[in-house]
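Colleague: Based on what follows, work out the 3D shape:
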Amino acid sequence: MTNATPAGDRPSPTVSGPIDPTETFRGAARLTILVITLAGVALVVYQLFNLAFLGVIIEGRYLYALGTLFLAVSFVVFRWDGYKGGKVSALDWALVAASLATGGYLVATAGQNLLEAWEFAAPPLAQWVAVGFFLLVLEATRRAGGWVLFCIVTLFAFYPTFASWVPDPFSGFQSPPLEAISYHIYSSESAFGIPMKAFGGLVIGFILFGAVLQRTGGGQFFNDLAMALVGQYRGGAAKVSIFASGFMGSMSGSVISNVLTTGAVSIPAMKKTGFSANTAAATEACASTGGVLMPPIMGATAFVMASFLSRPYVDIAVAAAIPSLLFYFGLFTQIDAYSARRGLSGIPRPDLPRLAKTLREGWLYVGVFAVLILLMLVFRMETAAPFYSTLLLLVVNQILPQHRLSWTGLKHLVVGVGAALAELVAILLGVGLIVGAFSATGLAGTLVNELVFIAGDNTFVLLIMGALTAFVFGMGMTVTACYIFLAVVLAPALEQGGLNILAVHLFILYWGMVSYITPPVALGAYTAATLAGGNAMKAGFEAMRLGSVIYIIPFFFVLNPALIGEGSFFEVAITLVTALIGVAFISMALQGYVSFAGPLAGVDGAAMRVLLFIGGLFFAVPEVEGLGLGHIQLSAIGLALSILPILRARQAGQVRRAVA
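Modeller: A predicted model of the protein is given here:
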């Protein structure tokens, strides 16, 4: 989920698929990860299920213990240069010991900290322990998140020490270094604030479920299911990539790792069936990016959002469903138009899994997923649902002989989970320092007022500023880090403009993701281009075209919350239908081919494509009071603009078929 190409997320130079770096751990390193991961998961289960047979653990002590365990693991997982795996050096072991020692002090003194408010008046020993833990957090953030994230986190972490020297509107309350660092470590507003609270309450269970699902054959089943359903149709390999990568991305929450795992299979298949290397890479990048925005899991960021908004995670997932559908529908439509324009066929039927056999062998995975959704939506057991589903998944795994885990496989699973959790904790602890800096200096409120003043109460200008800000920060931060920063700084300003709060938070999440497929950064597209053997920059621009819906949909749903399901059933249904039509027309215009009609080629075709694109916008734009037009009027204009391009495409298609 990182956006700075850390460690194991660096592109692989081959298309044979990356070697799992966690499988390179041996001896003491492997044993350490196994023991600490099992201890961490046991601690989470004890706390979240209120077992209490050893006594009640206060939240502060629980978060300190959890953060300490996986901070220590991060120094086993990541080397000095940021790569995963390999030999653990003496320095790494020293940092592991230092993490456990300083973190152990935090755990032991959590009650005293709470009673005496150490965030404001910590004793001398506590202050120096905080310094040690603080430096360990920065180093773990550097290893797991890369140098860009490290520099951003470090700058903001030390901001309270020079805040009064900075000119307005960025000046704030200043604190001495020791007091500022104590605040970061001992308060519930910084390193152990909202990001870690979300991790300890919701995130860890879903990461565990996703990892177990992938390791026990669930990922392979859903990939085979997608192959059996759409593989034989034109552009079938790319359509399979859309379904498989979207699903896997939803589980992992990591664009880069998703590209490396599913792309190793999907990209060669796309190239084999006629897709150019750059288009294959762009398709995989877009599908993997969209997975982080797709329910039911959506990666860690959605759970952090639920904590920020103090709303059930289910509300976030339901709200994200329609925008996610529109994104994938637009991508699917473009791939279909691309394939039709180039006369590409699907994967030969003999090379595809048989649907009946796939369902017969893997229907239990569908059952497990249904149980997860049932527990979340019906019984509202958001915290417990992933644990029950994981347990059920392990039972199912022993029933299905082809994917049955051995003891060795189970140890690989635990080590993989531990590495993923350590990476996330290292980043979340660092990102929490950014939140703490704004809290300690009082800067958040100042920036909000300045942004509103600059925008001049113009909501659209404020949205443009917000989109550009989210894009810029998305280039240097992880998705979660970018969201947390903007949720503190930007979201309140947008909310003051009278916009729907949930829509605002989804807006900044979407625009924080844009950098994965937008040059000059486009890490998702560049990684996929490496696998495909294509040109990185060309793949990035192609990804922009294929994923174009991601740029416009956030403006639509933030201006009309019906597109996130907030409204009457009739209003949501009408808005969704018109948006789907609009997205289809926009996608066809971008590819120069109208599905089930024909191509739009030549100079005349270019004009028709522009007309069809504008018509699609009128269909997709939701009803906005400022326009003075309702859905019927907007759709009527869109239809009037689109008729001529569709007729021209149909005429060209008839000529094409006659010649053929």
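
Colleague: Number of residues surrounding the residue lying closest to G409 once chain neighbours are set aside?
Modeller: Closest residue in space to G409, ignoring its immediate chain neighbours: R215 at 7.2 Å, by C-beta to C-beta, 6 or more residues apart in numbering. Every residue, glycine included, has its C-beta placed from N, CA and C. Using other C-beta atoms under 10 Å, R215 has 20 other residues around it.

Colleague: Pull the contacting residues for R215.
Modeller: L405, G409, H412, L413, G416 (C-beta atoms under 8 Å, 6 or more residues apart in numbering).

Colleague: now the residues you listed in a markdown table, with distance to L364?
Modeller: Formatted as a markdown table, the contacts of R215 follow (distance: C-beta to C-beta, whole Å):
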| residue | distance to L364 |
| --- | --- |
| L405 | 14 |
| G409 | 18 |
| H412 | 22 |
| L413 | 18 |
| G416 | 22 |
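
Colleague: Which phi and psi values does V594 adopt?
Modeller: phi -100, psi 120 (degrees, to the nearest 10).

Colleague: Kindly provide the distance from it to R648.
Modeller: V594 sits 9 Å away from R648, taking C-beta to C-beta, to the nearest Å as the criterion.

Colleague: Show me where the stretch 351-500 of the chain dips below the pLDDT cut-off.
Modeller: 444-449, 451-452, 455-457, 475-478 (pLDDT under 70).

Colleague: can you list the domain ranges for the protein.
Modeller: What automatic domain parsing lists as the domains of the chain is 7-199, 217-353+442-566, 568-660.

Colleague: Between the two ends of stretch 292-311, how far is it?
Modeller: Start-to-end span of stretch 292-311 (C-alpha to C-alpha, to the nearest Å) is 19 Å.

Colleague: buried sites along it?
Modeller: Using 16 or more other C-beta atoms under 10 Å as the burial criterion, the residues of stretch 292-311 that qualify are 292-309.

Colleague: Over to stretch 141-149?
Modeller: T141, R142, R143, A144, G145, G146, V148, L149.

Colleague: Name the nearest residue to V304, sequence neighbours excluded.
Modeller: A198 (4.4 Å).

Colleague: what about the one you found, which SS state?
Modeller: Secondary structure for A198, judged by DSSP: H, G, I helix; E, B strand; the rest coil, is helix.

Colleague: And the pLDDT for it?
Modeller: The per-residue pLDDT reported for A198 equals 82.

Colleague: Going by how many neighbours each has, rank V594 and R648 and give me the top one.
Modeller: V594 (28 against 23).

Colleague: From L391, how far out is that one?
Modeller: V594 is 49 Å from L391, by C-beta to C-beta.

Colleague: do P554 as well
Modeller: From P554 to L391 the distance is 37 Å (C-beta to C-beta).

Colleague: Going by residue numbers, what spans are helices in the stretch 401-550 of the chain?
Modeller: 407-441, 443-455, 459-476, 479-489, 491-496, 501-513, 523-532, 536-546, 549-559 (DSSP state H, counting those that start in this stretch).

Colleague: out of these, which comes closest to R609?
Modeller: helix 536-546 (12.2 Å; C-beta to C-beta).

Colleague: what about stretch 533-553, average pLDDT?
Modeller: According to the model, stretch 533-553 has a mean pLDDT of 91.

Colleague: Same question for stretch 281-288.
Modeller: 92.

Colleague: Next: stretch 85-96.
Modeller: Stretch 85-96 shows a mean pLDDT of 94.

Colleague: just stretch 321-333 next, same as before
Modeller: 93.

Colleague: quick revisit: higher neighbour count, P554 and L391?
Modeller: Comparing P554 with L391 by other C-beta under 10 Å, the one with more neighbours is P554, at 26 against 13.

Colleague: coming back round to it: gap between the residue nearest to G409 and I574?
Modeller: Taking C-beta to C-beta, one finds R215 at 43 Å from I574.

Colleague: again with V378
Modeller: V378 sits 27 Å away from I574, taking C-beta to C-beta as the criterion.

Colleague: quick one: which of these two has more around it?
Modeller: The residue with more neighbours, out of V378 and I574 and counting by other C-beta under 10 Å, is I574; that gives 19 against 9.

Colleague: So that one sits against P622, correct?
Modeller: No - contact criterion C-beta atoms under 8 Å: I574 and P622 do not qualify, at 9.4 Å.

Colleague: who touches both of these two?
Modeller: Residues touching both I574 and P622 (C-beta under 8 Å, 6+ apart) are H631.

Colleague: how about V572, what does it touch?
Modeller: Contacts of V572 by C-beta under 8 Å, 6+ apart are I322, A562, L563, G565, E566.

Colleague: any idea how far the fourth one is from L374?
Modeller: In this case it means G565. 19 Å.

Colleague: Those two: which has the busier surroundings?
Modeller: Taking other C-beta under 10 Å, G565 and L374 do not tie; G565 has more neighbours (19 against 13).

Colleague: so that one sits right up against A320, yeah?
Modeller: No - applying C-beta under 8 Å, one finds G565 not in contact with A320, separated by 9.2 Å.

Colleague: what touches both of V594 and R648?
Modeller: Common neighbours of V594 and R648 (C-beta under 8 Å, 6+ apart) are L600.

Colleague: Tell me how many other residues surround A606.
Modeller: A606: 12 surrounding residues under other C-beta under 10 Å.
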